[in-house]
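**Student:** Predicted model and sequence follow; I will ask about them next.
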Amino acid sequence: MKYIIVGAVAGGASTAARLRRLDEHAEIIIFEKGAYISYANCGLPYYIGNVITDRNKLFVQTASAFNQRFNIDVRVQTEVLEVNAEAKTIKARNQKTGEEYTETYDKLVLSPGAEPIRPPLPGISNEGIFTLRNVNDTDYIKSYVSQKSVKKAVVIGGGFIGLEMAENLHDLGLEVSIIEMGNQILAPVDFPIAAIVQQHIRSKGVDLRLSTAVTGFDKVGDKLMVNLKSGDPIEADVVILSIGVKPDTKLAVGAGLKIGDARGIWVNEFLQTSNPDIYAVGDAIEFTNPITGQALITYLAGPANKQGRICANNIVLGNVQAYHGAINTAIVKVFDMTVATAGTAAKHLTTANIEHIVSTTHNGSHAGYYPGSKQMSIQIAFSPKTGQLYSAQIAGYDGVDKRIDILSSIIKRKSTIYELIEFEHAYAPPYSSAKDPVNMAGFVAENILLERLRIFYWNDSSKITDQDLLIDVRRDDEFKNGKIANAINIPVDELRARLGEIPKDKKLFIYCEAGLRGYLAQRILLQNGYNQVQNLSGGYQLWNAASKEFAAVS
């Protein structure tokens, strides 16, 4: 058998290695238009920022080492120009020599990846404006920043790569601005979690501008001027375009393969395209979202590597293993914070008309009495009928990765918030608490489902009327340091003695700092004849961050 693979980064390289392990005698050829294979593109911003100082550590495998270990013909700097699905041939060009030639195949795997979006804005081809997608891009940026005495950087786009670049450029001592056209950073997460992270970014002295569109670029002497739809231009020495990526489907379209609703290469559950002899993996394919049932593309290395293994199994053994899709579990370091997400954000559940409840909790990364505990905020969304967990988002400092992996596993298996309650974790004071933040998220969600806890959200506070009563149950000193407008202060520890001050014919809205004292106050009131009581989900802490960020973009 003769297998040809187009693309040699995560998905393509994984497919090739697995094919060889399954079939020692097959002829396997990988075509890669770039100069490198199997490199750690997730590590590129950290090489630019000198966190990773040895460039060679970016490479999982070199072409020669891959060839020696797996006996695979690796052809770098060779671009596949077209696929003739009927003749089962590909046409390739050696970019060093210009030679064009044809190769036949028995089975073909497309792993062309995604390409950065580079909109046709005026001046976008000026020197000093870069995208970051591969090793060559990284080398250009690193060289430019070090040789041009760069002092000011503008990052356009507040996604994962944009934020990583902003942090690393900031750590190099540059003055950094982030320009994001949307009303928040990190589009896969919901606004309140993004707001917490945005506050942290601003605390680092980064100029973060949301709901701001870039209209073009001018070169004025040695400086770049980033022109904005609203407001004065921003001066920059270097600009990083991190607007997003799109699947590279050129070869698939040319071969007459089916393109799906999300504009990625359509594949079935066996990662087989509309042509039975052509498979596809990685950033270019789309599949069915396990939660919404809608078409989804994911630009993540983890799913691509898993797809490569499954694809090779199906090619050699005959469609024996289904791919069950990805729930887009992702994590990113943003200065001192860590942000993670899994599943379908509440805003996207709303768009998909999936009924859900959102709950936010704040807990320490480990036991509070052990030094160094840091708070994390966990937001989950779940079914009001079955308790099925649809998504989880975490913003924190320590232990975020551990918790998101737990929550991701539960989401992927379509399990429920009741599993969060029973989850048995390893506990010792340096690592967790007797009731882990995952357990706490489950406890609160169960209370909501059982109607022991009735909640309202940060953006509902504006709907509270003069006929209602807003009660802050924190301590007096906390209340004086900041409160929601029109709230009265009755600390929870004084509540039972002051019930006579609270009318029973009004709707009561309770809040504390994080939600726990508010819940205790609500339980006291409900069991003392107050029937219209709601507690603020996520507490004053979440309300404060989200309200400030909402005001900044309104």
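**Tutor:** Perfect, thanks for sending it.
**Student:** what stretches of the stretch 301-450 of the chain score poorly on pLDDT?
**Tutor:** Scanning the stretch 301-450 of the chain for pLDDT under 70 picks out nothing.
**Student:** now the helices for it?
**Tutor:** Using DSSP state H, counting those that start in this stretch, the helices of the stretch 301-450 of the chain run over 301-317, 346-351, 400-412, 417-422, 437-449.
**Student:** Which strands and helices lie in contact with the first one?
**Tutor:** Same thing as helix 301-317. Packing partners of helix 301-317 (3 or more CB pairs under 8 Å, 6 or more residues apart in numbering; DSSP states H and E): helix 10-22, strand 107-110, strand 278-280. Where C-beta positions appear, they are placed from N, C-alpha and C, glycine not excepted.
**Student:** just the ones you listed: most buried one?
**Tutor:** Of all the helices and strands packed on helix 301-317, strand 278-280 carries the top mean neighbour count, a mean of 28, counting by mean count of other CB atoms under 10 Å.
**Student:** and that strand, what's its mean pLDDT?
**Tutor:** When pLDDT is averaged over strand 278-280, the result is 98.
**Student:** going on from it, what's the next piece of helix or strand?
**Tutor:** For strand 278-280, the succeeding helix or strand toward the C-terminus, using DSSP states H and E, is strand 285-288.
**Student:** List the buried residues of that next one.
**Tutor:** For strand 285-288, burial by neighbour count (16 or more other CB atoms under 10 Å) applies to Ile285, Glu286, Phe287.
**Student:** mind exporting it as PDB, just the C-alpha atoms?
**Tutor:** C-alpha atoms of strand 285-288 as PDB (Å, rounded to 0.1, in the frame of the first residue of the first chain):
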ATOM      1  CA  ILE A 285     -11.900  19.400   9.200                       C
ATOM      2  CA  GLU A 286     -15.300  19.900  10.700                       C
ATOM      3  CA  PHE A 287     -17.300  17.500  12.800                       C
ATOM      4  CA  THR A 288     -20.500  17.400  14.900                       C
END
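**Student:** For that strand, which outside residues touch it?
**Tutor:** With CB atoms under 8 Å, 6 or more residues apart in numbering as the test, strand 285-288 has contacts from 247, 260-267, 271, 294-297, 307, 323, 325-326.
**Student:** any idea which helix or strand comes after it?
**Tutor:** strand 295-296.
**Student:** now that next one: how far from the chain's centre is it?
**Tutor:** When C-alpha coordinates are averaged (CA atoms, centre = their mean, to the nearest Å), strand 295-296 and its chain have centres 16 Å apart.
**Student:** Okay, now the sheet partners of that strand, with direction.
**Tutor:** Note on strand 295-296: by DSSP bridges, its sheet partners are strand 285-288 (antiparallel).
**Student:** Please name the nearest non-neighbouring residue to Gly538.
**Tutor:** Leaving aside its sequence neighbours, Gly538 sits nearest to Thr360 (CB to CB, 6 or more residues apart in numbering; 3.5 Å).
**Student:** can you list the buried residues of strand 285-288 in CSV and add distance to Ser111?
**Tutor:** Formatted as CSV, the buried residues of strand 285-288 follow (distance: CB to CB, whole Å):
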residue, distance to Ser111
Ile285, 9
Glu286, 14
Phe287, 15
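**Student:** in terms of contact, does Ala487 touch Tyr511 like I think?
**Tutor:** Yes - contact status for Ala487 versus Tyr511: in contact at 7.4 Å, counting by CB atoms under 8 Å.
**Student:** between those two, what contacts are shared?
**Tutor:** Contact criterion CB under 8 Å, 6+ apart; residues shared by Ala487 and Tyr511: Leu470, Ile471, Asp472.
**Student:** just to revisit the earlier point, any idea which of the helices and strands packed on helix 301-317 scores lowest on pLDDT?
**Tutor:** Least confident of the helices and strands packed on helix 301-317, judged by mean pLDDT, is helix 10-22 with a mean of 94.
**Student:** Need the contact partners of that helix.
**Tutor:** Under the contact criterion CB under 8 Å, 6+ apart, helix 10-22 has outside partners 3, 5-6, 8, 26, 28, 30, 32, 37-38, 41, 60-61, 66, 70-72, 109, 111, 113, 279, 281-283, 301, 304-309, 311-313, 315-317.
**Student:** Please report how far the nearest residue to Lys223 once chain neighbours are set aside lies from Thr212.
**Tutor:** Among residues not flanking Lys223 along the chain, Glu235 sits closest, at 5.3 Å (CB to CB, 6+ apart). Distance of Glu235 to Thr212, given as CB to CB, to the nearest Å: 15 Å.
**Student:** More neighbours: these two, which one.
**Tutor:** Neighbours were counted for Glu235 and for Thr212 using other CB atoms under 10 Å; Thr212 has more, 20 against 15.
**Student:** thinking again about what came up before, nearest approach to Ser146 belongs to which of the helices and strands packed on helix 301-317?
**Tutor:** helix 10-22 (28.4 Å; CB to CB).
**Student:** now the angle from the closest one to helix 301-317?
**Tutor:** If you take axes from the mean of the first three to the mean of the last three CA atoms, to 10 degrees, helix 10-22 sits at 40 degrees to helix 301-317.
**Student:** Tell me the secondary structure at Asn268.
**Tutor:** With DSSP: H, G, I helix; E, B strand; the rest coil as the basis, Asn268 sits in coil.
**Student:** Now Ile417: closest residue in space that isn't a chain neighbour?
**Tutor:** Excluding the flanking residues, the one nearest Ile417 by CB to CB, 6+ apart is Ala445, at 4.0 Å.
**Student:** OK, contacts around Arg263?
**Tutor:** Taking CB under 8 Å, 6+ apart as the test, what Arg263 contacts is Lys246, Pro247, Thr249, Glu286, Ile297.
**Student:** Quick one: residues contacting the last one.
**Tutor:** To tie it back to what came earlier, the one meant is Ile297. Ile297 is in contact with Pro247, Ala262, Arg263, Gly264, Asp283, Ile285, Glu286, counting by CB under 8 Å, 6+ apart.
**Student:** please redo it, this time with the cut-off set to 7 Å
**Tutor:** By CB atoms under 7 Å, 6 or more residues apart in numbering, the residues touching Ile297 are Pro247, Ala262, Gly264, Glu286.
**Student:** Among those, name the ones in strands.
**Tutor:** By the criterion of DSSP state E, membership of the contacts of Ile297 in strands covers Pro247, Glu286.
**Student:** Out of the contacts of Ile297, flag the one nearest to Leu542.
**Tutor:** Using CB to CB, Ala262 comes nearest to Leu542 of the contacts of Ile297, at 32.0 Å.
**Student:** Now Thr273: phi and psi?
**Tutor:** Dihedral pair for Thr273: phi -80, psi -170, per degrees, to the nearest 10.
**Student:** how much space between the closest residue to Ser14 other than its chain neighbours and Met225?
**Tutor:** Closest residue to Ser14 apart from its sequence neighbours, by CB to CB, 6+ apart: Gly308 at 2.8 Å. Relative to Met225, Gly308 is positioned 44 Å away (CB to CB).
**Student:** And for Ile411?
**Tutor:** In terms of CB to CB, Ile411 sits 45 Å off from Met225.
**Student:** Would you mind telling me which of the two has more residues around it?
**Tutor:** For the pair Ile411 and Met225, the greater number of neighbours falls to Ile411 (25 against 19), based on other CB under 10 Å.
**Student:** Spit out the contact partners of that one.
**Tutor:** Ile327, Ala342, Gly343, Leu389, Tyr390, Ser391, Ala392.
**Student:** If you rank these by neighbours, which is first?
**Tutor:** Neighbour max across the contacts of Ile411 (other CB under 10 Å) = Leu389, 30 neighbours.
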